[in-house]
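J.: Sequence plus predicted model, see below.
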Amino acid sequence: QLQLVESGGGLVQAGGSLRLSCAASGRSFSSYNMAWFRQAPGKERLFVAAITWGGRSTTYADSVEGRCTVSRDNAKNTVDLQMNSLEPEDTAVYYCAAANLGSWYRSYDDKMYNYWGQGTQVTVSS
C-alpha cells in the first residue's frame, strides 16, 4: 500500500514557475514508476510526465515538453514536478500517481496506475 500527498500548487501569473511535490508513505516507494497527471474542469485527466523507479528515464506530454522536469528522491520518498513558463492552459488539478514495475510501456495511460494522491490545484492567470 502506498499513500501519496501532493503539495506546491497555487496561483501564478503566466510565464511563472511552480514546483509540485508528492510525498509517499508506505512500503517500497522505489519499486514504483511515478507520474503526474492533470485534470482541468470538465475535461478528462491527462498525462503530464512520468519517471521510472530509479529515475533513469523520464517521459513528457508534448504539451509540457521543454517546460517541465520530473524528478524523484527515493531516499526522501518524493517525486517533484518543476513547471516553468506556465500558461493559462496549464490550469488544472495535478495528481501524483504510482504504478507497478512493468507499466512503463504505457506510462501515459492512467489505467496503469494503482495509487493516486488527492491532487493539488494549479491556477495560471493571464
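T.: Yep, it's here.

J.: which residue is nearest the centroid of the chain?
T.: Centroid-nearest residue in the chain: W36, 1.9 Å away (criterion: CA atoms, centre = their mean).

J.: for it, phi and psi?
T.: phi -120, psi 140 (degrees, to the nearest 10).

J.: With the one 10 residues further on instead?
T.: The phi and psi values for L46, taken as degrees, to the nearest 10, are phi -120, psi 150.

J.: how many neighbours does it have?
T.: 15 (other CB atoms under 10 Å). Glycine gets a C-beta too; all of them are placed from N, C-alpha and C.

J.: show me the contacts for it.
T.: By CB atoms under 8 Å, 6 or more residues apart in numbering, the contact list for L46 reads 37-39, 61, 92.

J.: could you measure C68 against A24, distance?
T.: Using CB to CB, to the nearest Å, C68 is found at 20 Å from A24.

J.: scratch that, R72 is what I was asking about
T.: When R72 is compared with A24 (using CB to CB), they lie 9 Å apart.

J.: residues shared between the contacts of the two?
T.: Common neighbours of R72 and A24 (CB under 8 Å, 6+ apart) are 78-79.

J.: neighbouring strands for the helix or strand harbouring L20, and are they parallel or not?
T.: Taking DSSP states H and E as the criterion, L20 maps to strand 18-26. Using DSSP bridges, strand 18-26 pairs in its sheet with strand 2-7 (antiparallel), strand 78-83 (antiparallel).

J.: Alpha carbons only: can I get it in PDB?
T.: Listed next in PDB are the C-alpha coordinates belonging to strand 18-26 (Å, rounded to 0.1, in the frame of the first residue of the first chain):
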ATOM      1  CA  LEU A  18       5.800  26.300  -9.700                       C
ATOM      2  CA  ARG A  19       7.300  23.200  -8.200                       C
ATOM      3  CA  LEU A  20       4.900  20.500  -7.200                       C
ATOM      4  CA  SER A  21       5.900  17.800  -4.800                       C
ATOM      5  CA  CYS A  22       4.500  14.400  -4.000                       C
ATOM      6  CA  ALA A  23       5.300  12.700  -0.700                       C
ATOM      7  CA  ALA A  24       4.800   9.000  -0.500                       C
ATOM      8  CA  SER A  25       4.400   6.900   2.600                       C
ATOM      9  CA  GLY A  26       4.100   3.200   2.800                       C
END
